[in-house]
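Undergrad: mind looking at a prediction? Sequence and model below.
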Amino acid sequence: MNRFFHCLLPIILALAGTPPPGSECPVPSPAGTIQPGEDTSRLPVETIETYETLVRETMRQNKVVGAGAALILENRVVWKNGFGYADKEKNIPYTTRTAQSIGSVTKPITVLGVMELQEKGLLHIDRPLTDSLPAFRIRARGENLSQITLRSLITHTSGLPNDIFYRAASKTETYLGIPSYLPRETLAFPPGTVYHYSNLGISLLGNVIRAVSKQDYPDYMQENVFRKIGMDNTGFIEYDQLRDVSLSYDGEGNPVSTPRIRMIPAGGAYSTVDDLTALARELIALYHGKSGGILQPETVREIFHEQKAAKIGLRISGLGWDMFKKGSAFIAFHFGSDNVNQACLMINPERKAALVVMSNSAEGRVLTDALGEKFRTDHGFEELDWIVRHVETPRKNEIIPLTPEMIQAHSGTYGHTKLVLDAIPKEGRLLLTYGQTTLDLSPVSRNEFIPSKRDEAGTYQRLDANRIIFEEIGPYHVLFWETEARQREALGYKLAPQAITDNWMRRLGKYRIIDDPLDGPETFTDVELSVFENRLLRLKIFYTSGIYEYNLRIENDHELVTCGFDEVTAGDTLRFRREGNDVFMTVYGLTFKKIE
């Protein structure tokens, strides 16, 4: 998953309060931009030197053991190189032929397989998932499962949870087992309502490929995608014979086990810089009309066409790709990681340009971010150009009276995954508070308000460039922050009164996993149910890297749901049951037993 996606909330908090430590967005580089129509033939020497220096310095500063990268201009490879080691102890160099995990860069590649089947007339992405997988089932809260289409899986708007970890570490588990575990899980959101990044959804596409093509997903991808492009050292480590496979290294540069990926359609491919370069060049050529490729040109143009955004979500997306977009210009991109290895693929089809970056080290994410940022800025895109702009209607600027109807509609507590916000009526005004921050909301319409920030002297300074917007979307009364650029983030939804009953109080405490332990460098065994500010239940997860906390809403007397619209952690259902004197919690497909 790419790492641009949390940049808007810190900006919002900085405008209206104090940003949380470590949450600042990276500062864009001052690199010059390539202007439309500019002759790129004179760029490579200077550009190559800049990229080479950036790679070497970033690797040195961040203990990155091995990496490779390539740059394409005018659909020609103008630079590619390997750096460091694939095996440090044996002095085996990392080259552009070195294979490693590419994590979620697998996702847009899986989509190529789906679109190839659509061209054959064997499926259509706007048909329900159940057309291809009739046995598909998942718990819902009144939603119609026929609304889950293949397109909604591709665009992460299906409402499916992000992931489930039940038996994830078992070496006998494959992507084919995922559908059988879903009937005990619950939709995170109503289909089509929220952008919610879902490994489950893309893994189901692998099951669709198998069901429709009658070939196992890895075999189908080899025959219909990899071999046709010439990606001769790309595949899946437990299925294919791959050459020159790199070791993996932690943040200190020490060798670690490469995490096993069960959901291979979502994140299990291994590839090389050379092979991803071949993929980028093929897609660019097809976009510009090449015949006889893996897909028809019109299909590739559809893949790179901006999809209709979910009502609640930040991203501009194609089919399987995120996008930076400015007018008609765009870059399609995807980042990938298995929590150790890192990868990045960026394509500017119109300009016939692309960037490939790979690293076998956990701190290689700094490298993929740095090179990705340079490619983006070189092509004239700003850091937040991946966020949808809501310019359908002109902004209102004239303050109108605050009515009792507005106060009644919008007053209440709003649950974000980690924040709690309160819209409070006070002395004929509507205030929005969270933490130590207070905003005074002045209406310009029934649902749109100009915020004013209270300073240390107790006076309010208007933030005229920004808006607080309330909107009814599906079952949610949503609170949005809108920036001057008309980009919105959903800060939360209005919660019903949360009655923390004696039953819930008895369930408070620590729980320990009783299923198979998780695998990889980032795991957890213990979770804790606690009370936050005497008004919300909260889940603490004790990960290897630290404690993560999530606000919860009470769904019924035995279920809780993580609050807000976070792209990964919101919408998960926690289910409780008692057996004799023991209390059990199930979340992420895992079962935990209360230990204190």
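TA: Structure received.

Undergrad: run through the bridge partners of the closest residue to residue 476 other than its chain neighbours.
TA: Excluding its sequence neighbours, the residue lying closest to residue 476 (C-beta to C-beta, 6 or more residues apart in numbering) is residue 493, at 4.0 Å. In short, each C-beta sits where N, CA and C put it, glycine included. Taking DSSP bridges as the rule, residue 493 bridges to residue 415, residue 478.

Undergrad: and residue 493, what is it in contact with?
TA: Contact analysis of residue 493 by C-beta atoms under 8 Å, 6 or more residues apart in numbering lists 414-415, 476-479, 563-565.

Undergrad: for residue 511, give me its contacts.
TA: 526-529, 583-585, 592-595.

Undergrad: using the three-state scheme, assign the nearest residue to residue 339 once chain neighbours are set aside.
TA: Leaving aside its chain neighbours, residue 339 sits nearest to residue 522 (4.9 Å; criterion: C-beta to C-beta, 6+ apart). At residue 522 the chain is in coil, as set by DSSP: H, G, I helix; E, B strand; the rest coil.

Undergrad: is there a neighbour count for residue 522? I'd like the number.
TA: 13 (other C-beta atoms under 10 Å).

Undergrad: any chance you could map the strands in the stretch 451-596 of the chain?
TA: Using DSSP state E, counting those that start in this stretch, the strands of the stretch 451-596 of the chain run over residues 460-462, 467-473, 476-482, 488-494, 509-513, 524-532, 536-543, 546-554, 559-562, 573-579, 582-587, 590-594.

Undergrad: now do the shortest one, average pLDDT.
TA: So the one you mean is strand 460-462. Strand 460-462 comes out with an average pLDDT of 92.

Undergrad: strands paired with it, and their directions?
TA: Here strand 460-462 is paired, per DSSP bridges, with strand 448-454 (antiparallel).

Undergrad: alpha carbons of the partner strand, in PDB - could you do that?
TA: The C-alpha trace of strand 448-454 is given here as PDB (Å, rounded to 0.1, in the frame of the first residue of the first chain):
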ATOM      1  CA  GLU A 448     -21.500  23.900   5.300                       C
ATOM      2  CA  PHE A 449     -19.600  26.000   7.900                       C
ATOM      3  CA  ILE A 450     -16.600  28.200   8.000                       C
ATOM      4  CA  PRO A 451     -14.400  27.300  11.000                       C
ATOM      5  CA  SER A 452     -12.800  29.800  13.300                       C
ATOM      6  CA  LYS A 453      -9.900  28.700  15.500                       C
ATOM      7  CA  ARG A 454      -9.700  29.800  19.100                       C
END
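
Undergrad: outside of it, which residues touch it?
TA: 15-17, 396-397, 399, 430, 432, 437-444, 460-464, 466-470.

Undergrad: and those residues, which are buried?
TA: Among those, those scoring as buried are 15-17, 430, 432, 438-443, 460, 463, 466-470 (criterion: 16 or more other C-beta atoms under 10 Å).

Undergrad: report pLDDT for the nearest residue to residue 340 once chain neighbours are set aside.
TA: Using C-beta to C-beta, 6+ apart and skipping the chain neighbours, the partner closest in space to residue 340 is residue 248 (4.5 Å). Looking at residue 248, its pLDDT stands at 97.

Undergrad: if I look at the residue nearest to residue 339, how far off is residue 386?
TA: Residue 522 is 25 Å from residue 386, where distance means C-beta to C-beta, to the nearest Å.

Undergrad: how far out from the middle of the chain is stretch 99-108?
TA: Stretch 99-108 has its C-alpha centroid displaced from the chain centroid by 14 Å (C-alpha atoms, centre = their mean, to the nearest Å).

Undergrad: show the end-to-end separation of it, please.
TA: In stretch 99-108, first residue to last residue: 18 Å (C-alpha to C-alpha, to the nearest Å).

Undergrad: for stretch 373-385, measure first residue to last.
TA: 12 Å.

Undergrad: pull the distance from it to the chain's centre.
TA: Offset of stretch 373-385 from its chain centre (C-alpha atoms, centre = their mean): 19 Å.

Undergrad: also stretch 547-567?
TA: The answer for stretch 547-567 is 19 Å, by C-alpha atoms, centre = their mean.

Undergrad: with just CA atoms, put that stretch into CSV.
TA: Extracted in CSV, the C-alpha atoms of stretch 547-567 (Å, rounded to 0.1, in the frame of the first residue of the first chain):
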residue,chain,number,x,y,z
ILE,A,547,0.8,0.0,20.8
TYR,A,548,-2.0,1.0,18.4
GLU,A,549,-5.4,2.2,19.7
TYR,A,550,-8.7,2.3,17.9
ASN,A,551,-12.0,3.8,19.0
LEU,A,552,-15.0,1.5,19.0
ARG,A,553,-18.8,2.0,18.6
ILE,A,554,-21.2,-0.4,20.3
GLU,A,555,-23.2,-2.2,17.6
ASN,A,556,-25.2,-4.5,19.9
ASP,A,557,-24.8,-6.4,23.2
HIS,A,558,-22.0,-8.6,21.8
GLU,A,559,-20.4,-6.7,18.9
LEU,A,560,-18.2,-3.6,18.6
VAL,A,561,-17.0,-1.9,15.4
THR,A,562,-13.8,0.2,14.9
CYS,A,563,-15.0,3.8,14.3
GLY,A,564,-14.4,6.2,11.5
PHE,A,565,-13.3,5.8,7.8
ASP,A,566,-9.6,4.9,8.0
GLU,A,567,-8.7,3.1,4.8
